[in-house]
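> Got a predicted model here, sequence first, then my questions.
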Amino acid sequence: MTEDISVSLEGLRAHARQLVEQEGTRFLCLYLDQETQEVNLLTDSESLKKLVDTKVLKELKNILKSSSEDKENLIFHDHNQVRKAERPCTSSGHRCHLPPPKLQLSWEQKFPICFEDQRFPYRSYDKLPGEILRIIFGFLKPKNLKHVLLVSQNWKSVAEEPALWTGFDLPRKSRRNGQTLIKFLKSSFSSKLQHLTLSHTARNANFTFDLEDKHIKHLLSLNLRSIKIENADLSKVTDELLAKLVTSCKECDITEHRPRSLDDDSDSDISDESDVELDSNDFYHLGVEKIAAILREMLDDGSKLKTFKLSFEDNTYYFPLYLPPVSSRFDLSSIPSGILAKAFSKLDELALEYLKMNSEQLNSIFEFGLGNLTRLSFHGIPLDEAQTRQLLETLDKTHKLKSLELSKVDLRMSSSGLLARVINKIERVVLKDMKIEGFQIEDIFLAITRGESVMKHLVLAFHDYGGNCLSELNPEVFAKGVNKLESVAFDRLLSEKQTEMMFKVMSLGTNLKTSPNFEAGHACFGVDISNVDSEVLARALNNLKSVRIDFGRFTLPQINAFFKQLNSQSKLETILSGCKSYKVEDVKCENKVW
């Protein structure tokens, strides 16, 4: 076998010599001697010189000497064939190139090091995992997402997921013409519509034609999740059909407006659109009959409605007083109390704002209508002492409520123990514009410190009501209570002792995830931290997950101590400053100068 190879090699040498010396042909041959494992070269002297100059000879030897154990991973690569599929890049700053060849021989140096790929990708984007496509499509707006549906069956199956179409509303063209609206609602694309806004105030949401029953019937064929009605002219839509549309959704938000044509000094409540004559500049409103029809339809077993918000806005009168005047509330007193209570009892979430209801209605709602709620918002509805007590007693019996928002309710005559028990049974509590005593708030915090609370989030915002009752609280009770929560927000100035104690407890350990939020509703609102010990403040803030650093309120030693603690031991993940948000790891890596 060795002799045969030697003979063939001798013949090859003779043939090569003839080609080079007699015919003037360039010749290059590399072969591996299997016995000695040496790479041998047959070439002309000029080619050898070029190989040595380009230092490619050593690389070629290494390639030939590589183990044959990896032969299963080898595939044939025709370098010249690849070249035919590429052309030199002609675009300046072009970034979409193939990587440069791993081996570029000396005579190929004249080619640019990057090329535009003229071949079809060997891997199709259509084969990307659905999870990756879902993330990518999530950055697209619905008007662009609709084009993705046409790319392929795989893209279409991902792009049709309802979560990607959250912001999709009726196209602008369909709001300008009734026939265009019906044409859109008959198209398959209308099935992507989840949220419907019927309004003459929202941008691009106004209709330039009268909505009628025929339009509502087409809307009923959709699988809507939510509907918002505000200042929409629905006078030509029958009450029953509108009620069916609303109850076919899971969520409904209705805002009634007081027509501008009413006398501002009138004490009469808004009850029906027939009370006044509206012109083109007036606000539209549904009227109590349509609201009653919706409530009646909610009693039907086929109703899907689980979240209902009904509020009233007076666009002609600004009321800074504790309660708005009678004319600035929407009168529901003509609706039977039983209908109100039974309708509300079928809901998971209820929000009522600036409405007028009689005692019988309120008693019925409190007794029968709130037991199944997980979220209750009650704003601007006047309650007497007995009604306030009944509301608290009802909430004390509920076991499902997770979120409570109350405003403009006088709690001063309520039992402090009952109030504390009710508040501490709920995870999220917002009390705004309340009349409340300092000792009542302290009892709430005492229950928190004793571990008798499930509350995680608390907002106390009194604005022009209640004085500064927060400053009356025992500093230790207040500090321990605050640090048992996950988030707190106040709109009152704390005492110096309360502030120092709050950060002292925080520095030792806290459940707070973010720094306490002090709403800037007044020039004196906030917290003065200038007297807090720098080291204590640094440890306290670094025990949080997120903190806002407003440097106008920090002393230089406090800032230095904060960043020193940040670089040594910290639980912080995010720092907010001004309108910007910074990840702590980026702050550490880049050593940012603030």
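The structure has been received and is ready for your questions.

> average pLDDT for stretch 402-416?
For stretch 402-416, mean pLDDT rounds to 92.

> what about that stretch, how long is it end to end?
21 Å (CA to CA, to the nearest Å).

> Distance of the residue nearest to residue 240 when sequence neighbours are not counted relative to residue 225?
Excluding the flanking residues, the one nearest residue 240 by CB to CB, 6 or more residues apart in numbering is residue 293, at 5.9 Å. Yep, even glycine has a C-beta here, placed from its N, CA and C like the rest. Using CB to CB, to the nearest Å, we find residue 293 at a distance of 21 Å from residue 225.

> The two - which one has more neighbours?
residue 293 (20 against 16; other CB atoms under 10 Å).

> Quick check: which element contains the more buried one?
Element membership for residue 293 (DSSP states H and E) is helix 288-298.

> Return the list of helices and strands in contact with that helix.
helix 239-247, strand 251-257, helix 337-345 (3 or more CB pairs under 8 Å, 6 or more residues apart in numbering; DSSP states H and E).

> switch the cut-off to 6 Å
helix 239-247, helix 337-345 (3 or more CB pairs under 6 Å, 6 or more residues apart in numbering; DSSP states H and E).

> Out of the ones you listed, flag the one nearest residue 546.
Proximity to residue 546 (CB to CB) singles out helix 337-345 among the helices and strands packed on helix 288-298, at 36.5 Å.

> Am I right that residue 30 falls within a strand?
Yes: assigned with DSSP: H, G, I helix; E, B strand; the rest coil, residue 30 falls within a strand.

> how near is it to residue 14?
Distance of residue 30 to residue 14, given as CB to CB: 18 Å.

> Likewise for residue 435?
114 Å.

> Then residue 471?
108 Å.

> Show me which of these two is the more surrounded one.
Ranked by neighbour count (other CB under 10 Å), residue 471 and residue 14 place residue 471 first, with 16 against 10.

> If you drop the residues flanking it in sequence, what lies closest to that one?
That would be residue 495: by CB to CB, 6+ apart, it lies 4.8 Å from residue 471.

> thinking that neighbour is in contact with residue 473, fair?
No: with contact defined as CB atoms under 6 Å, residue 495 and residue 473 do not form a contacting pair (8.6 Å).

> Please identify which of these two sits among more neighbours.
residue 473 (21 against 17).

> ok, now how distant is the residue nearest to the more buried one when sequence neighbours are not counted from residue 399?
Closest residue to residue 473 apart from its sequence neighbours, by CB to CB, 6+ apart: residue 442 at 4.9 Å. Distance, residue 442 to residue 399, using CB to CB: 26 Å.

> neighbour-wise, which of these two wins?
The residue with more neighbours, out of residue 442 and residue 399, is residue 442; 20 against 6, by other CB under 10 Å.

> Out of the helices and strands packed on helix 288-298, which is closest to residue 566?
helix 337-345 (49.3 Å).

> Please export the alpha-carbon coordinates of the closest one; CSV is fine.
Taking C-alpha atoms only, helix 337-345 is exported to CSV below (Å, rounded to 0.1, in the frame of the first residue of the first chain):
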residue,chain,number,x,y,z
SER,A,337,-84.4,49.6,45.8
GLY,A,338,-84.8,45.9,45.2
ILE,A,339,-83.5,46.2,41.6
LEU,A,340,-80.4,48.2,42.8
ALA,A,341,-79.5,45.7,45.5
LYS,A,342,-80.1,42.5,43.5
ALA,A,343,-78.2,44.0,40.5
PHE,A,344,-75.2,44.9,42.6
SER,A,345,-75.2,41.6,44.4
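
> shift numbering so it begins at 8
In the new numbering, first residue 8, that becomes helix 344-352.

> by how many degrees do that helix and helix 246-254 diverge?
30 degrees (axes from the mean of the first three to the mean of the last three CA atoms, to 10 degrees).

> Just want the angle from helix 344-352 to helix 295-305.
60 degrees.

> Show me what helix 344-352 packs onto, helices and strands only.
So helix 344-352, by 3+ CB pairs under 6 Å, 6+ apart, packs with helix 295-305, helix 366-371.
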